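# Next come a sequence and a model predicted from it.
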2 protein chains.
Amino acid sequence: MTCRTATAVPAASSLPFGHWLVSRGQRTEQALERVLPPATAHPMQLHEAMRYAVLGGGKRVRPLLVHAAGEALGAPAGALDCAACAVELVHAYSLVHDDLPCMDDDVLRRGRPTVHVRYGEALAMLVGDALQALAFEVLAAAPGHGASAAASAAMVAELARAAGSAGMAGGQAIDLASVGAALGREALEDMHRRKTGALLRASVRLGALCAPHAAATTAEARAYRTQALDGYADAIGLAFQVVDDILDVEGDATTLGKTAGKDAQRSKPTYVSALGLEAARRLAGQLREQAHAAIAPLGEAARRLGDLADLIVLRKA
Amino acid sequence: MTCRTATAVPAASSLPFGHWLVSRGQRTEQALERVLPPATAHPMQLHEAMRYAVLGGGKRVRPLLVHAAGEALGAPAGALDCAACAVELVHAYSLVHDDLPCMDDDVLRRGRPTVHVRYGEALAMLVGDALQALAFEVLAAAPGHGASAAASAAMVAELARAAGSAGMAGGQAIDLASVGAALGREALEDMHRRKTGALLRASVRLGALCAPHAAATTAEARAYRTQALDGYADAIGLAFQVVDDILDVEGDATTLGKTAGKDAQRSKPTYVSALGLEAARRLAGQLREQAHAAIAPLGEAARRLGDLADLIVLRKA
């Protein structure tokens, strides 16, 4: 198991944001390509379907957050590759399971047939199960890539909590139970904090956990840093969902790469249905400002996090 | 997250096997009870269903293997509780997913309605997903219970491989593809080595990983020990499946707590269909002897492993 890429990593601050995005995106693709079993390995159909689910698509927002947070604190690139792969594998598994007929019953994802449409329901379930296991296997390999064993254990704990019943899976369960219900804004936020927010927050935290504890760093300074990053993660986590809800109303399937307007069709509560379109747009803007304010104390080193907050709020798909 | 139990642990060798079984079984129940979120915690239905899937049933073979292997090498009880919970959570999640309509479509498990019958298909999928995440969260907590951070990372890697596409999920995928096919003995063994063998082997290995590397132990001695335990695990892994296949033919639903005769009904290849009933019985007996022979070099300390090999082969359910 190796997450290491052969490419050199130019310092974050020396690149324009667009170049940084491409560079870290390519790094992530290469690392994912390497940690996924080859499609020629037995059992081949499962491995082919796992690769189909993960490779060749996706905005890779979570891996970018890992890299941005880690680079802000001087984390080694190899460990960040492991963490970036792990969060993306969990994200990819959740999409495969979400798309199943017993859940959202979606046939289109990233402009292609969903995994269960292409490979059948049973195999799609196994794809998700195996991708989740792989995510943790990759994190366990981080000590070979510049993270300490203690940091690896902390990352496993963090990712497991974010994926589990208090996080993503819990948010899904609340979502299931809320179809047709009129959720208030507080209940809606609770649901999204778990369903999408937890993994986005974990991405930021995993990036930070890859950074070595410099001897000069006091416990106080670390707590201060954690607070800044958590404040940022909370803001972008909600912003991400608010923008998703806006795009579900405004977008079309070609841009989104998935079926548009499905939330309304299923009477799912969204920020648009709870607040109205205009107020939802204002909220997204406020959350963007909140994200920038949270990381201001970290200075120029955290600029990629700021850039990503802009990207998340201003995206069109 | 704590796996620690309040009960004192009498030395393994001072107890008759029946008492040891009860003692370690109770310890495992208490530890599982403690690591599972309470049914009163939000989201309640998911937590209730997770507890339904895990508690109050099951032979706990895998946790017993963890304890037996760990006690043979002097591992701390708290770390063994973590490892025992983790393997049982993975096993429980796999049963929930296996029972789903898109897989085996089973309605009865441990004498009760399966999770999807009781809670619906979508929630059952989330139960499995959340239980897998919880297993890794529990392993990440092992350093607080007497295991080193390096041992925790090694356990995560081991369990992830055993659960993933090269292990359990891979075996399931092969199983799916083999319905109606006439598998030879070699292909059958490959399937079962992944589907059930990998997690049984991981149970033995996790128990061993909980033991501290005594300074006096040479790398040679450790390799010798690993070889003995792996030989044992391979033998009981196959024996477990052979006996399962025999019981599926001989047993009835009341004793098994699940629907009997389902393999034949679905034209699934089994050891009984491949070898015949008598030859399958002889094979189980040979594997039992092989298991005993493998651990003979470990002496009296490994007696619980020998006892468990007998239990696995001689069980009636």
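Looks like it arrived, so ask away.
# Chain B versus residue A:224, what's the distance?
Counting by C-beta to the nearest C-beta, to the nearest Å, the separation of residue A:224 from chain B is 25 Å. Where you see a C-beta, it was placed from the backbone N, CA and C, and this is true even at glycine.
# what's the answer for residue A:43, then?
Relative to chain B, and taking C-beta to the nearest C-beta, residue A:43 is found at 5 Å.
# isn't that residue right next to residue B:174, touching?
Yes - assessed by C-beta atoms under 8 Å, residue A:43 is found in contact with residue B:174 at 5.1 Å.
# Quick check: which ranges of the stretch 151-300 of chain A have low pLDDT?
Applying pLDDT under 70 to the stretch 151-300 of chain A flags the ranges A:214-216, A:252-267.
# Enumerate the residues of it near chain B.
Taking C-beta under 8 Å from any C-beta of the partner chain as the criterion, the stretch 151-300 of chain A approaches chain B at residues A:152-154, A:156-157, A:159-161, A:163-167, A:169-170, A:172-174, A:176-177.
# Among those, filter down to the buried ones and hand me the PyMOL syntax, if you would.
The PyMOL command for the buried members of these (criterion: 16 or more other C-beta atoms under 10 Å in any protein chain shown) is given here:
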select buried, chain A and resi 152+153+154+156+157+159+160+161+163+164+165+166+167+169+170+172+173+174+176+177
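# Which ones among the residues of the stretch 151-300 of chain A next to chain B map onto strands?
Judged by DSSP state E, these include no members of strands.
# Restricted to helices, list the residues of the stretch 151-300 of chain A next to chain B.
A:152-154, A:156-157, A:159-161, A:163, A:169-170, A:172-174, A:176-177 (DSSP state H).
# Specify which member of those is nearest to residue A:139.
residue A:156 (5.2 Å; C-beta to C-beta).
# For the helix ranked longest in chain A, buried residues please.
Across chain A, the longest stretch assigned as helix under DSSP H is helix A:219-250. With burial defined by 16+ other C-beta under 10 Å, the residues of helix A:219-250 counted as buried are A:225, A:228-229, A:231-249.
# Find the centremost residue of chain A, please.
residue A:62 (3.2 Å; C-alpha atoms, centre = their mean).
# Phi and psi next, for the nearest residue to residue A:76 once chain neighbours are set aside.
Leaving aside its chain neighbours, residue A:76 sits nearest to residue A:146 (3.3 Å; criterion: C-beta to C-beta, 6 or more residues apart in numbering or on different chains). Residue A:146 adopts backbone torsions of phi 100, psi 0, taken as degrees, to the nearest 10.
# for residue A:146, what are its contacts?
A:75-79, A:210 (C-beta atoms under 8 Å, 6 or more residues apart in numbering or on different chains).
# one more time with 10 Å
Applying C-beta atoms under 10 Å, 6 or more residues apart in numbering or on different chains to residue A:146 gives the contacts A:4, A:75-82, A:210-212.
# Those, buried ones only, as a PyMOL selection?
In PyMOL, this line selects whichever of the contacts of residue A:146 come out buried by 16+ other C-beta under 10 Å:
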select buried, chain A and resi 4+75+76+77+78+79+80+81+82+210+211
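# In CSV, list the contacts of residue A:146 along with distance to residue B:189 and secondary structure.
Putting the contacts of residue A:146 into CSV (distance: C-beta to C-beta, whole Å; DSSP: H, G, I helix; E, B strand; the rest coil) gives the following:
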residue, distance to residue B:189, secondary structure
A:4, 35, coil
A:75, 44, coil
A:76, 42, coil
A:77, 42, helix
A:78, 38, helix
A:79, 38, helix
A:80, 40, helix
A:81, 36, helix
A:82, 33, helix
A:210, 41, coil
A:211, 46, coil
A:212, 46, coil
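# Can you tell me which of the contacts of residue A:146 is nearest chain B?
residue A:82 (11.4 Å; C-beta to the nearest C-beta).
# Test my guess that the closest one contacts residue A:142.
Yes - the pair residue A:82 and residue A:142 qualifies as a contact (C-beta atoms under 10 Å) at a distance of 4.3 Å.
# Need the residues touching each of the two.
Counting by C-beta under 10 Å, 6+ apart, the contacts common to residue A:82 and residue A:142 are A:1, A:3, A:76, A:152, A:155, A:206, A:210.
# Would you map the strands across chain A?
Using DSSP E, strands in chain A cover A:108-109, A:112-113.
# Burial-wise, tell me which of the ones you listed comes out on top.
strand A:108-109 (a mean of 18; mean count of other C-beta atoms under 10 Å in any protein chain shown).
# Give me the neighbour count for the closest residue to residue A:249 other than its chain neighbours.
Take residue A:249 and drop its neighbours on the chain: the residue closest to it by C-beta to C-beta, 6+ apart is residue A:272, 5.3 Å away. Residue A:272: 22 surrounding residues under other C-beta atoms under 10 Å in any protein chain shown.
# now do residue A:276
11.
# got the contact list for it?
Contacts of residue A:276 (C-beta under 10 Å, 6+ apart): residue A:282.
# what about it, distance to residue A:282?
Distance of residue A:276 to residue A:282, computed by C-beta to C-beta, to the nearest Å: 10 Å.
# Spit out the residues that contact the two alike.
By C-beta under 10 Å, 6+ apart, no residue touches both residue A:276 and residue A:282.
# is it true that the residue nearest to residue A:249 touches residue A:185?
No - using C-beta under 10 Å, residue A:272 makes no contact with residue A:185, being 12.0 Å away.
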